[in-house]
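**Student:** Fold the following, please.
(one chain, ligands or ions: 1)
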Amino acid sequence: MFNDITNSNILSLLILSLPILLTTILYHLTRHPTTTPCPESHPFIGNLVAFLRNRHRFHDWVTDMLSTTPSLTLQVNGFLHLSHGICTANPTNINHLLRQNFVNYIKGHRYTTVLQDLLGNGIFNSDGNMWSSQRKIASHEFNTKALRVFISDTVRLQITKSLVPYLLTARDDDHTTVDLQQVLRKFSFDNICNVAFGVDPCLLTSSVKDSKYVLFVRAFDVAVEHVSYRFMSPLPVVWKLKRFLNIGSERKYKEAIETVNQFAMDVIKSKETQISYKTNDDLLSRFMASSWDMGFEDEERRKFLRDIIISFILAGKDSTSTALTWFFWLLDGHPHCKHMIHKEFTTLMTSSHHVHPLDLTFDDLKDLNYLHAALSESMRLFPPVPINSRLTVDDDILPDGTFVGKGWFADYSAYAMGRMERLWGSDCREFKPERWLDDNGVYQAFDQYKYPVFHGGFRLCLGKEMAYLQMKSVVVAVMHEFEIEVVGGGGTPERMVDPPYSLSLVLNMKNGLHVRLKKRQQSSEAERAKDGVTER
Ligand code: HEM
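**Tutor:** Now for the predicted structure:
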């Protein structure tokens with residue numbers, strides 16, 4: 001779909017452009033994709049041609065270009081030089097953007113114009129007081145006490161009642177494969193709905209094809225795909241024109257937003273009827289209780305709550321599922337790491353006298369150093385949010401000497417950073433969880449600006465710890481039950497050269513992750529872990 005949209009965009013561009021431009025673009029498009037290390041910037045069309053030629057491998061194209069620059073920063077010029085910006089993979093610059101000169105790099109109109117209908121003034125789409133007040137209220141949801149409850153009540157229950165039973169139905173049949181990415185996306189949606197408004201939609205296990213949740217998720221996915229297209233559009237005037245005329249993808253987007261809004265309003269109204277919301281711990285209840293003192297009219301207050309719900313669904317719905325999808329893909333190509341993870345949690349189960357990995361407590365999960373390292377390493381190579389952007393309030397000079405003008409965009413690419421030899425060494429493209437462990441096998445985090453997978457500075461991801469805990473619980477439960485074999489093979493070093501991602505706000509795996517599941521022989525594995533047998 002992304003390609004369809006992009007093609008229609010190119011079509012509109014051709015219609016709108018001068019004949020000379022048409023000739024230039026057609027000439028360039030008929031050539032093979034380039035691996036030119038620097039963006040080719042032409043007087044009128046800026047980097048447009050190089051962008052169009054490389055859009056199918058966008059993140060790798062950005063990586064190629066950044067790796068050849070002296071300070072891991074490059075300048076980008078838009079069509080007709082209507083927009084300018086920089087893109088960096090330099091940790092010192094990122095520290096400057098996200099912390100040192102935070103006030104100069106905002107979400108601004110570049111974000112809000114694209115995302116307004118979907119996110120409104122939610123935490124992802126706001127600056128200043130609107131952002132800080134939401135962050136303050138929401139942060140309670142992520143404190144240690146709340147996370148303990150999240151693991152013991154929400155995650156454990158959903159894994160036992162829904163994820164494992166669902167996967168069990170697909171096991172041991174050589175002809176049955178399951179799209180693990182799709183399963184994980186449904187699972188994490190169920191999870192985030194619990195956190196956001198205290199409801200379990202049972203999307204994963206429900207067979208109702210047109211429930212309000214199914215319709216919402218479908219509409220939400222259309223909307224997210226569409227805003228991704230808007231972000232990647234080389235000529236924003238095209239989608240703005242379509243929006244004005246209410247045609248094509250913009251019309252579909254508008255319809256999707258109506259469904260999303262209806263769903264959010266239903267959730268809010270239903271919560272308003274519950275007397276118990278004042279004592280509930282979910283995010284919506286928390287924000288609802290605070291919103292009475294904020295001086296809103298009724299509809300204004302509901303709109304504020306709607307924006308919060310949608311932002312959190314965006315944050316939690318596809319981030320962990322994307323991370324886990326790449327993780328399981330990589331594990332299949334690295335049997336030694338798979339073995340190490342299994343051995344680590346079975347050993348921990350034995351020493352803490354647990355019979356099932358879901359008996360592992362919040363503190364036990366924290367002790368899984370190798371698993372923590374493997375998840376971090378997987379996200380280093382495949383960050384769920386591959387690229388991020390800010391708008392410059394005033395002229396500035398970055399620490400590496402790069403000039404950034406007022407109104408320019410300032411992007412950083414977490415995807416490119418994970419592939420930078422200057423940051424990670426000559427084995428930067430290899431999947432090596434060991435790089436995160438000290439001599440005693442204890443996990444050591446890298447600097448957040450060298451590893452901005454969870455962003456950094458004042459807007460560091462609020463759900464970081466929750467995400468790790470959720471992912472660890474899923475991994476141990478799934479690996480305890482099943483041997484997973486990726487159809488067509490997993491992420492070996494050779495396959496990692498041209499990884500199968502699609503272009504969206506998150507780094508989804510193109511065409512999903514199709515796997516075969518075999519029930520694991522529990523007793524023999526536990527014995528082997530007890531005996532300390534290792535495989536290489
Ligand atoms: C592997 C999983 C995750 C990754 C890689 C991730 C990554 C990120 C990134 C890159 C940002 C910065 C976005 C921006 O400002 O443009 C962010 C912000 C945020 N994340 Fe996450 N996230 C993950 C999971 C979660 C989860 C599960 C939640 C909550 C349930 C969450 C809640 C948030 C919130 C509320 C913000 C906004 C913080 C602010 O602007 O102050 N994240 N996350």
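**Student:** Near the ligand, which residues of this protein? Just list them.
**Tutor:** Counting by Cβ under 6 Å from any ligand atom, the residues of the chain close to the ligand are 123-124, 135, 138, 192, 195, 312, 315-316, 319-320, 323, 384-385, 388, 453-455, 459, 461-463, 466-467. Using the backbone N, CA and C atoms, a C-beta is placed for each residue, glycine as well.
**Student:** Any stretches of this protein with poor pLDDT?
**Tutor:** Along the chain, segments meeting pLDDT under 70 span 1-46, 79-81, 171-175, 275-280, 523-536.
**Student:** now the strands for it?
**Tutor:** 73-77, 84-88, 105-106, 178-179, 387-392, 396-397, 403-404, 409-413, 482-486, 514-519 (DSSP state E).
**Student:** most neighbours per residue, which of the ones you listed?
**Tutor:** strand 409-413 (a mean of 23; mean count of other Cβ atoms under 10 Å).
**Student:** just checking, what packs against that strand?
**Tutor:** The contact analysis (3 or more Cβ pairs under 8 Å, 6 or more residues apart in numbering; DSSP states H and E) places strand 409-413 against helix 58-67, strand 84-88, strand 387-392.
**Student:** Export these to JSON lines and append columns for distance to W239.
**Tutor:** Listed next are these as JSON lines, based on distance: least, Cβ to Cβ, whole Å:
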{"stretch": "helix 58-67", "distance to W239": "18"}
{"stretch": "strand 84-88", "distance to W239": "19"}
{"stretch": "strand 387-392", "distance to W239": "17"}
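**Student:** With only the CA atoms kept, save stretch 63-76 in PDB.
**Tutor:** What follows is stretch 63-76, C-alpha atoms only, in PDB (Å, rounded to 0.1, in the frame of the first residue of the first chain):
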ATOM      1  CA  THR A  63      22.900   4.700   6.600                       C
ATOM      2  CA  ASP A  64      25.100   4.600   3.500                       C
ATOM      3  CA  MET A  65      25.200   8.300   3.200                       C
ATOM      4  CA  LEU A  66      25.700   9.000   6.900                       C
ATOM      5  CA  SER A  67      28.600   6.500   7.200                       C
ATOM      6  CA  THR A  68      30.600   8.400   4.600                       C
ATOM      7  CA  THR A  69      30.300  11.900   6.100                       C
ATOM      8  CA  PRO A  70      33.100  13.200   8.300                       C
ATOM      9  CA  SER A  71      31.000  13.700  11.400                       C
ATOM     10  CA  LEU A  72      28.000  11.400  10.800                       C
ATOM     11  CA  THR A  73      25.800  14.300   9.800                       C
ATOM     12  CA  LEU A  74      24.400  15.300   6.400                       C
ATOM     13  CA  GLN A  75      22.300  18.100   5.000                       C
ATOM     14  CA  VAL A  76      19.100  17.400   3.100                       C
END
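**Student:** list the contacts for whichever residue of the stretch 1-150 of the chain sits closest to the ligand?
**Tutor:** The nearest approach of the stretch 1-150 of the chain to the ligand comes at R135, 4.6 Å away (Cβ to the nearest ligand atom). Contacts for R135 (Cβ atoms under 8 Å, 6 or more residues apart in numbering) come out as I123, R459, L462.
**Student:** and if you look at L462?
**Tutor:** Counted by Cβ under 8 Å, 6+ apart, L462 has contacts R135, A138, S139, E141, F142, A315.
**Student:** Return the subset of those residues lying in helices.
**Tutor:** Counted as lying in helices by DSSP state H, out of those, are R135, A138, S139, A315.
**Student:** Not counting its neighbours along the chain, what's nearest the residue of the stretch 351-500 of the chain found nearest the ligand?
**Tutor:** In the stretch 351-500 of the chain, the residue that lies nearest the ligand is G463 (2.1 Å; Cβ to the nearest ligand atom). Spatial nearest neighbour of G463, excluding adjacent residues (Cβ to Cβ, 6 or more residues apart in numbering): A315 at 5.9 Å.
**Student:** From W239, how far out is that neighbour?
**Tutor:** To W239, A315 is 24 Å away according to Cβ to Cβ, to the nearest Å.
**Student:** cool, P201 as well?
**Tutor:** 31 Å.
**Student:** More neighbours: these two, which one.
**Tutor:** Shown here are P201 and W239; by other Cβ atoms under 10 Å, W239 has more neighbours (23 against 18).
**Student:** I'd assumed S228 was in contact with that one.
**Tutor:** No. Judged on Cβ atoms under 8 Å, W239 makes no contact with S228 at a distance of 11.7 Å.
**Student:** quick one, helices of the stretch 51-200 of the chain?
**Tutor:** Remark: helices assigned in the stretch 51-200 of the chain by DSSP state H, counting those that start in this stretch are 58-67, 91-95, 108-119, 128-139, 144-149, 156-158, 164-168, 180-197.
**Student:** In terms of secondary structure, what does the fifth one contact?
**Tutor:** Looking back up the chat, that one is helix 144-149. helix 464-481.
**Student:** Can I get the helix it packs on as CSV, trimmed to CA atoms?
**Tutor:** Extracted C-alpha coordinates of helix 464-481, given in CSV (Å, rounded to 0.1, in the frame of the first residue of the first chain):
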residue,chain,number,x,y,z
LYS,A,464,11.0,1.6,28.3
GLU,A,465,11.0,-0.5,31.4
MET,A,466,7.5,-1.8,30.8
ALA,A,467,8.5,-2.7,27.2
TYR,A,468,11.5,-4.8,28.4
LEU,A,469,9.4,-6.6,31.0
GLN,A,470,6.7,-7.3,28.6
MET,A,471,9.1,-8.6,26.0
LYS,A,472,11.0,-10.7,28.4
SER,A,473,7.8,-12.3,29.7
VAL,A,474,6.7,-13.1,26.2
VAL,A,475,10.1,-14.6,25.2
VAL,A,476,10.4,-16.9,28.2
ALA,A,477,6.8,-18.1,27.9
VAL,A,478,7.0,-18.7,24.2
MET,A,479,10.5,-20.3,24.2
HIS,A,480,9.5,-22.5,27.2
GLU,A,481,6.6,-24.0,25.2
